[in-house]
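1. Whatever this is, show me its structure:
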Amino acid sequence: MSRKPYGGSRFGSNQRKRQGGERIDFSRFINKAVITEEVDHFVAEHRFQDFDIDQQLKRAISARGFNDPTPIQDRTIPHILRGSDLVGIANTGTGKTAAFLIPLINKVRIQTQNIVLIIVPTRELAIQIDQELKNLTGGMKIFSACCVGGMNIRPQIQALRYRHNFIIGTPGRLKDLIARKMIHLSDIRTVVLDEADRMLDMGFIGDMRFVMAGMPKERQTLFFAATFSSEVEKVIKEFLRDPVRISVKTRDTSKNVDQDVVRIGRDQVKIEVLHDLLNQKELSKVLIFGRTKHGVEKLSKVLIQRGFQAESIHGNKNHAKRQKALSLFKTDRIKILVATDVAARGIDIADVSHVINYDLPETYDDYIHRIGRTGRGDKKGKALTFVG
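-> Okay, the predicted model is just below:
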């Protein structure tokens, strides 16, 4: 049976209220990426070599292939180097991690007793930041402790007993380690709240308050997020002092992401429409989002049975299995990764050609975070959302 997979404007009612979620206008899932011959490029005010940072760090940045800062890096690094509290709002995939790591690595190079605490919503993001820190600090004798839930706590305690300049962790595990007196908040003078909006969405505000309440009042606090809301503003006022505010978001979603809907007609079976889409050559590396852990696992097994190279990532999988699935996807040993929203924030996977919302997101913010996995940097991507 022939199908017209892309729905365009032919999806009937333009709104649907997800059970337990907000009412979302389907037309917001359609946004054609504008591709022109001449593109206005951001012109950085600085080069990395211009920043007042350690020469060894400059060499490490150059070795990573970084020459010109991204907009969020260009605008925030000078303020962080001056010790200001800062709020950074930028689209996902714009280099927020290096925006705070570079000046903070420089800070601990100068102030060797300084300990930096980085709080993030997910273990995958914590591990990713820890790896990027290691990539930038080879040979500098800068050490870190990565403290996340879902993993054996003993190696994390061991890391905290030895010299460390950075603690990178998730709120629940950090709270546990603080209660065990393995982390002494009085020793910390710098804290980063990364993907802070997502931490609020995930219900971590209580744990965040517990950690922040134990911090010295004289500290530098950095707050990074991809979206802004009244709840985010309340947290900023609670945790930061007269912060510099930097926003390089020009729109809700990346201009590099071509967005459309896939209309599922009454005579169509959803999995069959997905099957036909995945057989198209242009869908070379696909991240599919489902709503529930059970549904994601079931869908990945169905796709494998149909001959697709697929894996799943969700909260019921242990850390080792989640990391294995991510590794297979990152290294192109599988073509398809099926995920819950746990993978929607902070996971940096290169060259994702398509994001498919097999199940509707709970909120429009969740949609933004999902599709931010494609069209990263200066590359183009496509997002398709199943409706009907």
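2. can we go C-alpha only for contacts and neighbour counts from here?
-> Will do.
3. What lies in contact with stretch 268-288?
-> Applying CA atoms under 8 Å, 6 or more residues apart in numbering, the external contacts of stretch 268-288 come out as 5, 264, 303, 332, 335-339, 351-358, 373.
4. hmm, I was thinking of stretch 102-109
-> Looking at stretch 102-109 with CA under 8 Å, 6+ apart, the contacting residues turn out to be 53, 54, 57, 77, 80, 81, 114, 115, 116, 137, 165.
5. if I look at the first one, how far off is residue 232?
-> Counting by CA to CA, to the nearest Å, the gap between residue 53 and residue 232 amounts to 31 Å.
6. cool, residue 46 as well?
-> Counting by CA to CA - residue 46 and residue 232 are separated by 29 Å.
7. Equivalent analysis for residue 282, please.
-> According to CA to CA, residue 282 stands 38 Å off from residue 232.
8. cool, residue 204 as well?
-> Distance of residue 204 to residue 232, given as CA to CA: 13 Å.
9. Any stretches of the stretch 251-388 of the chain with poor pLDDT?
-> For the stretch 251-388 of the chain, the stretches with pLDDT under 70 are 251-255, 343-347, 377-378.
10. Helices along that one, start to end?
-> 270-278, 293-305, 319-330, 364-371 (DSSP state H, counting those that start in this stretch).
11. Make a PyMOL selection of the buried ones in the contacts of stretch 102-109.
-> Buried members of those, defined by 16 or more other CA atoms under 10 Å, are picked up in PyMOL with:
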select buried, resi 53+54+57+77+80+81+114+115+116+137+165
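12. With pLDDT, secondary structure and distance to residue 228 added, can I get the contacts of stretch 102-109 in JSON lines?
-> Converted to JSON lines, these look like this (pLDDT from 0 to 100; DSSP: H, G, I helix; E, B strand; the rest coil; distance: CA to CA, whole Å):
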{"residue": "53", "pLDDT": "94", "secondary structure": "coil", "distance to residue 228": "30"}
{"residue": "54", "pLDDT": "91", "secondary structure": "coil", "distance to residue 228": "33"}
{"residue": "57", "pLDDT": "95", "secondary structure": "helix", "distance to residue 228": "32"}
{"residue": "77", "pLDDT": "96", "secondary structure": "helix", "distance to residue 228": "21"}
{"residue": "80", "pLDDT": "97", "secondary structure": "helix", "distance to residue 228": "21"}
{"residue": "81", "pLDDT": "96", "secondary structure": "helix", "distance to residue 228": "24"}
{"residue": "114", "pLDDT": "86", "secondary structure": "coil", "distance to residue 228": "30"}
{"residue": "115", "pLDDT": "94", "secondary structure": "strand", "distance to residue 228": "28"}
{"residue": "116", "pLDDT": "97", "secondary structure": "strand", "distance to residue 228": "25"}
{"residue": "137", "pLDDT": "95", "secondary structure": "coil", "distance to residue 228": "32"}
{"residue": "165", "pLDDT": "95", "secondary structure": "coil", "distance to residue 228": "30"}
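13. Tell me the one among the contacts of stretch 102-109 nearest to residue 89.
-> Proximity of these to residue 89 (CA to CA) peaks at residue 77, which lies at 13.6 Å.
14. from what I can see that closest one touches residue 101, true?
-> No: using CA atoms under 8 Å as the test, residue 77 is too far from residue 101 to be in contact (9.3 Å).
15. Where do the strands of the stretch 51-200 of the chain begin and end?
-> Here the stretch 51-200 of the chain has its strands, by DSSP state E, counting those that start in this stretch, at 86-89, 115-119, 144-147, 166-169, 188-193.
16. Partner strands of the last one and their direction?
-> Within its sheet, strand 188-193 is paired with strand 115-119 (parallel), strand 220-225 (parallel), according to DSSP bridges.
17. Would you reformat those strands as a markdown table and include distance to residue 146?
-> Formatted as a markdown table, the strands paired with strand 188-193 follow (distance: least, CA to CA, whole Å):
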| stretch | distance to residue 146 |
| --- | --- |
| strand 115-119 | 10 |
| strand 220-225 | 19 |
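18. Compare the ones you listed and give me the one nearest residue 72.
-> Ranking these by their distance to residue 72 (criterion: CA to CA) puts strand 220-225 first, at 10.2 Å.
19. what's the angle from whichever helix or strand comes after the closest one to strand 188-193?
-> Per DSSP states H and E, the first helix or strand lying C-terminal to strand 220-225 is helix 230-239. Between helix 230-239 and strand 188-193, the angle comes out at 180 degrees (axes from the mean of the first three to the mean of the last three CA atoms, to 10 degrees).
20. Mind giving me the packing neighbours of helix 230-239?
-> helix 196-201 (3 or more CA pairs under 8 Å, 6 or more residues apart in numbering; DSSP states H and E).
21. got the contact list for the helix it packs on?
-> 120, 121, 205, 223, 224, 225, 226, 227, 228, 232, 345.
22. Out of those, which end up buried?
-> Buried members of the contacts of helix 196-201, scored by 16+ other CA under 10 Å, are 120, 121, 223, 224, 225, 226, 227, 232, 345.
23. Is it possible to get CSV of those that adds distance to residue 180?
-> CSV is the format used below for those (distance: CA to CA, whole Å):
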residue, distance to residue 180
120, 20
121, 21
223, 26
224, 28
225, 30
226, 33
227, 34
232, 30
345, 29
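24. Farthest pair within those residues?
-> 232 and 345 (16.4 Å).
25. End to end on stretch 140-153, go ahead and measure it.
-> Terminal residues of stretch 140-153 lie 26 Å apart, using CA to CA.
26. what does that stretch rub up against?
-> Contacts to stretch 140-153, defined as CA under 8 Å, 6+ apart, come from residues 122-123, 126-127, 130, 156, 159-160, 163-170, 172-174, 318-319.
27. With that, I have no additional questions.
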